[in-house]
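Asks: from the sequence below, what's the structure:
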Amino acid sequence: MTHKILDNINSPQDVAKLDYNELDILASEIRDFLIRHLAKTGGHLASNLGVVEITLALYKVFSFPEDKIVFDVGHQSYVHKILTGRKDRFDMLRQKDGLSGFPKRSESVYDSFNTGHSSTSISAAEGMACARDMRGEKNHIIALIGDGAMTGGMAFEALNDSGTMHKNFIVILNDNQMSIAENVGAMSQYFRRISTNKEYFQLKRSLERTLLKFPYMGKNIIKFLRYIKTRIKGILFIPTIFDEMGFAYIGPFDGHNVKLLCKQLKRAKDVDCPVFIHIHTKKGKGYTFAEDKPSKFHGVSQFNIITGENLKKKKMSTYSDVFGCIMVELAKKHKFACITPAMTMGSGLLEFSKKYPDRFFDVAIAEQHAVTFAAGLAANGMPAVVAIYSTFLQRAYDQVLHDVCLPRLHVVFAIDRAGAVSGDGETHQGVFDMNMLVSMPNMTFLTPASREELKECFTYAMLECDGPVAVRYPKGKEEASLQVLPYHDKKAQVLRQGNDVCILSVGHMTKAALEAADILEKENVSCSVLHLRFIKPLDEETILECARSAKMCLTVEDGMICGGVGEMIVNLLGRNQVACPTVVVGYPDTFIAQATAEEIHEEYGLTGAGIAETIRRKMCDMNL
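Replies: Below is the predicted model of the structure:
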């Protein structure tokens, strides 16, 4: 489909030339473009439909790439990418070797900061503003943050510092009362209460016009007038928290009115202190289904534009679904709390939240708080489950170590989306959790190989443990077919016996390990397959017994090799003087680029065929 204006937009300079009527037409064309492309590729739809006008206004008023914009999280940067010469690459959005779903400095000069996790934009923008001033430059720095990301403590750490630094940069709060799901907490309620006092802003504009007539006023007079302005402002209305923190607060106003947005952005450009602009937008604007169900259309796979229905029908329950069912079943007989940082639906806890609202806590996007809050519950006699994606658990490293492991509190970490994750790329791969947690004293770490085994893991973690426990499971649906054994003996599970090769598998890699053994058996290579189940504590006795009876060992994990399970096993064999050559299969010391999980496994040899080929090469090198 052709678009009259959008087809001719190849740079921000093209946007700046348009009048307001043309910008309104362009906004409609961009929404059509987004809906049509994301229906084919999937991606973050609702959030991008909501930021069309503010993105256009930014490109109308500012000069990019000289000026810089930092997108918080970055899942709302698609319009920015369209306007900066990348619209022809949207057919490959979030695919292998394709366009990233987040800002990426290596992708474009217009992407000033890599993002993917929330609440970082204000800190980054303040740092850029400081660097600009130290370099003697005059460009503008803008942070665009959603009200969901404002619940993150880091955002307020940055506001607290920025207000005292007095650096000239702009924070735009895109307030749509949503993150992935509807926002919760006192901050979201506060944003709803904020309103603009017309008398104050009329007087403020009058004062500004008067001051501009006296460009050579001394510094002392300017400081005095600022003091008077602040006093008058305090008389006319109660200042917002942002005023009190040293920002010039503007808003709230309609975030879908391009002309009004441009007017306010131009005002903000002329202010010589940090500015906080508050706008209201509609998540999913312009597509009825996304407006009505913004959570469902936050991140989409392929869908039917006419009906809004997902084209990829759900065939079986996911690990997240099973986890949610387990929590509901356990809660019928046992008292514990569930906590999630804004991932109620994604983690499978929606049903739990409805049936046990007094034991469910969505703490918003605040991973550090989630973990220490859980520690507080556990310290006062209430076991707690923290349901968190692997990539976001990284944000609470110190809290896990200091607040949970050190006092040995009974907190269970349900680590969802572990391993390779399709589409989102480097920022969202769940490949660091094992390396991070196995080094922590008092931690028990379980790695189930199937959804059925997941039930046994959480039953053991909740009812038979009294300290920190981590349970790791993937987003995908594939699993190994195996007999589920109780976990209380902390033993690895021998799935196959063989004399040539011992394959030691971690979690959902067990399916690939069994496939490799089947392939090699046809080539007269007999393999043992050892499903570790526990990666902390390791079942050292069974591992050593298996290694001593094999000609070589291979470990396979959907995580980083450096500091991972394979290296732990190599160290174990060395300490016990077991001279069995061992190959470690996992991810090398690099960030894992976007692709489907299947493509990533294929590239790094984490499939049955890949494991079998690695074993063949090693056996050839050893002349076996």
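Asks: quick test: name the residue nearest the centre of the protein.
Replies: The centroid of the chain falls nearest to H117 when counting by Cα atoms, centre = their mean (4.4 Å).
Asks: list the contacts of it.
Replies: 73, 391-392, 395, 427 (Cβ atoms under 8 Å, 6 or more residues apart in numbering). In short, each C-beta sits where N, CA and C put it, glycine included.
Asks: can you list the weak-confidence ranges in the stretch 151-300 of the chain?
Replies: For the stretch 151-300 of the chain, applying pLDDT under 70 flags the ranges 178-238.
Asks: what are the ranges of the helices in it?
Replies: Under the criterion DSSP state H, counting those that start in this stretch, helices of the stretch 151-300 of the chain are mapped to 153-165, 186-193, 198-212, 219-236, 241-244, 258-269, 288-292.
Asks: and the first one, how far from the chain's centre?
Replies: Translated: helix 153-165. In terms of Cα atoms, centre = their mean, to the nearest Å, the gap separating the centre of helix 153-165 from the centre of its chain is 21 Å.
Asks: ok, stretch 41-53 next?
Replies: 16 Å.
Asks: likewise for stretch 397-408?
Replies: Centroid displacement of stretch 397-408 relative to its chain, using Cα atoms, centre = their mean, is 22 Å.
Asks: what lies in contact with the host helix or strand of V15?
Replies: V15 is located in helix 12-16, with elements delineated by DSSP states H and E. For helix 12-16, the external contacting residues (Cβ under 8 Å, 6+ apart) are 8-9, 23, 26, 56, 59-60, 63-65, 83-84, 110.
Asks: just the buried residues of these.
Replies: Neighbour-count burial (16 or more other Cβ atoms under 10 Å) applied to the contacts of helix 12-16 gives 9, 23, 26, 56, 59-60, 64, 83-84, 110.
Asks: so which of the residues you listed sit within helices?
Replies: In helices, judged by DSSP state H, the following of those are found: 23, 26, 56, 59-60.
Asks: list just the nearest of these to A550.
Replies: Y59 (61.9 Å; Cβ to Cβ).
Asks: which stretches of the stretch 501-624 of the chain have low pLDDT?
Replies: Within the stretch 501-624 of the chain, no range satisfies pLDDT under 70.
Asks: from E53, how far off is V275?
Replies: To E53, V275 is 19 Å away according to Cβ to Cβ, to the nearest Å.
Asks: near F289, how many other residues are there?
Replies: Counted by other Cβ atoms under 10 Å, the residues lying close to F289 total 21.
Asks: tell me who's in contact with the nearest residue to it once chain neighbours are set aside.
Replies: Ranked by Cβ to Cβ, 6 or more residues apart in numbering and with sequence neighbours excluded, the top spatial neighbour of F289 is G308, at 3.3 Å. The contact partners of G308, by Cβ under 8 Å, 6+ apart, come to 288-290, 297.
Asks: re earlier: quick check: which element contains the residue nearest to the centre of the chain?
Replies: Following DSSP H and E, there is no helix or strand that holds H117.
Asks: what about the longest strand in this structure?
Replies: Among the segments of the chain that qualify as a strand by DSSP state E, the longest is strand 552-560.
Asks: give the next helix or strand downstream of it.
Replies: Per DSSP H and E, strand 552-560 leads on to helix 565-575 as the next helix or strand towards the C-terminus.
Asks: which helices and strands does that following helix pack with?
Replies: Contact analysis of helix 565-575 by 3 or more Cβ pairs under 8 Å, 6 or more residues apart in numbering; DSSP states H and E lists helix 540-548, strand 552-560, strand 582-587 as its packing neighbours.
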